[in-house]
Structures are given as C-alpha cells and as structure tokens.
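Student: Only the shape, not the letters, is given here:
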C-alpha cells in the first residue's frame, strides 16, 4: 500500500524592507526549507533569496503573473508535496494583496500560514533615527497611500487623514508627489518638515530631509519614481536639543506596577 503523500501548508512570508538580515528568523527558516519560492521580483531584492537552498529551490518571479497563474503554480506545488513559500515585500499584510490569494486557496482547501515582516516605514524610522510617537507631540502613526488606479475608501482619502496632523508614512504614491505635497501642505503647512525614504535598508538607500513646499522638487531632482515613502509629522521638528516632553515610563517620580 502506497504511503500517503505528505503535504505542507503554503507559507506567506514577509521579506522585510530589502536588507536580507532584516528578514525574520522564522521566514529565513521557511526559505531555507522551501522547494518553490514565488517572490515579488519588482520589489523583493534578489539578495533576500540568499536564504534559499539555491541548488534545489525553484525561484519564480511573480511580477508578470496574474492571480490565476500564481494560484495554479501554488496549488500544483502543494499537491506534489512541495514546500511553497510566497515571498512578499515588507510585511505581507500591508499592501500585499494576500487576502485574494487566501480566498482562492481556501476554495481549493489548501492550508496556509503567514509569517510577518518588517515594513519599510519602520526601517525608515531606524535609518532616520526618529520615533514616530513622541509624548504630547504625536501618538498616532498613519500608514496610507494616495488614490491611484486602485481607489481608496472616501473616508480614507489623504486629505481627510492629513487633517489629523498625525505622524504619517505614505506608500505607493511617489509618482503622484505633486498631488501629495499639495494636500499635505494644506494640512501641515508648506514649511512643515518631511522626508523621502528611498530603498530603505538597501545599498542604494537615500534619506532626504526637506519641507513639504520643496518635496516635489527634491523627488524630481533625485529622479525617484518608485520604492520610496513620503514621511511627515510633528515628530520631525523634534531633535535631541528640543525634546520637551518625556514619557512617564522612565520618569523617576512616576510609579507603576514594576516600579514603586
């Protein structure tokens, strides 16, 4: 009697922002065991693929594939008892288009799991040496994008979100920088500080500090057209010399459950 073929759940893994050492240990392990890796080649640097067992792993760039093709390859690998890893840039849950893949796999009764990753906004904060949430300055971080070919809910339009003047990291919108800078200038003021974070954590990384009124000029001058975040918020006005408010967590006069 033939032994039943062992099958493995499909793994959706976050590749992180690009530095192969900023992938999680769990995702690294999944890549090292994978028989098939379907990766977003337009965004995931090949350096991250160093963790695969190159001699036996089939590497497939999904940039030119449509959903049906991706699911067909994934299902075939699963049914053949292969370990399939779907490698997404950053964290899969953020602009990863993974839920539609979940739906199709569920229709085929194919199990899956997700390994989170480091998103570019957090790699950018590390590179800039900033904290998005400062006491009495900003306690909210908004991760969003401009409406483009893919619409956004009306209540989540950039103009509406910017009115809160919270810390903000704007994804997938650098090609619409003129519109972004106009909207943000009206909410934060044209002299408000902002930053362009290009290819954060990768060898070609650029962090450009500027103001909203000069944002478009800087982007055009640097010829940045993709893989960049626009970051703004009051936290960028605070440096080591101007920090006025500190957290209660380390205040010697503030007691809490771990410190009397």
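Tutor: Thanks, I have it. Please read these numbers as outputs of a predicted model, since none were measured by experiment.

Student: which residues of the stretch 101-250 of the chain fall in strands?
Tutor: 112-115, 141-145, 167-171, 193-198, 206-211, 228-232 (DSSP state E, counting those that start in this stretch).

Student: so which of those comes closest to residue 98?
Tutor: Go through the strands of the stretch 101-250 of the chain one by one with C-beta to C-beta and the one that ends up closest to residue 98 is strand 112-115, at 7.3 Å. In short, each C-beta sits where N, CA and C put it, glycine included.

Student: quick one: contacts of the closest one?
Tutor: 9-14, 24, 26-27, 30, 92-93, 98, 102, 105 (C-beta atoms under 8 Å, 6 or more residues apart in numbering).

Student: Just name the closest of these to residue 204, please.
Tutor: Looking across these and measuring by C-beta to C-beta, the closest to residue 204 is residue 14, at 20.7 Å.

Student: Could you report the separation of the closest one from residue 236?
Tutor: For residue 14, the distance to residue 236 equals 26 Å [C-beta to C-beta, to the nearest Å].

Student: Then residue 227?
Tutor: The value you get for residue 227 to residue 236, if C-beta to C-beta is used, is 21 Å.

Student: same deal with residue 24?
Tutor: Distance of residue 24 to residue 236, given as C-beta to C-beta: 28 Å.

Student: More neighbours: the two, which one.
Tutor: residue 236 (21 against 17; other C-beta atoms under 10 Å).

Student: Please name the residues that touch the more buried one.
Tutor: So residue 236 contacts 130, 192-195, 209 (C-beta under 8 Å, 6+ apart).

Student: one more time with 7 Å, if that's ok
Tutor: Shown in contact with residue 236 (C-beta atoms under 7 Å, 6 or more residues apart in numbering): 130, 193-195.

Student: Closest to residue 173 out of those?
Tutor: So of the contacts of residue 236, ranked by how close each gets to residue 173 (C-beta to C-beta), first place is residue 194, at 12.5 Å.

Student: what's the spacing between the closest one and residue 228?
Tutor: Plainly put, residue 194 is 12 Å away from residue 228 if you go by C-beta to C-beta.

Student: Repeat that for residue 119.
Tutor: Using C-beta to C-beta, residue 119 is found at 14 Å from residue 228.

Student: same deal with residue 94?
Tutor: 16 Å.

Student: the more surrounded of those two?
Tutor: Ranked by neighbour count (other C-beta under 10 Å), residue 94 and residue 228 place residue 228 first, with 26 against 18.

Student: ok, the more buried one - contacts?
Tutor: Applying C-beta under 7 Å, 6+ apart, the residues near residue 228 are 174, 196-198.
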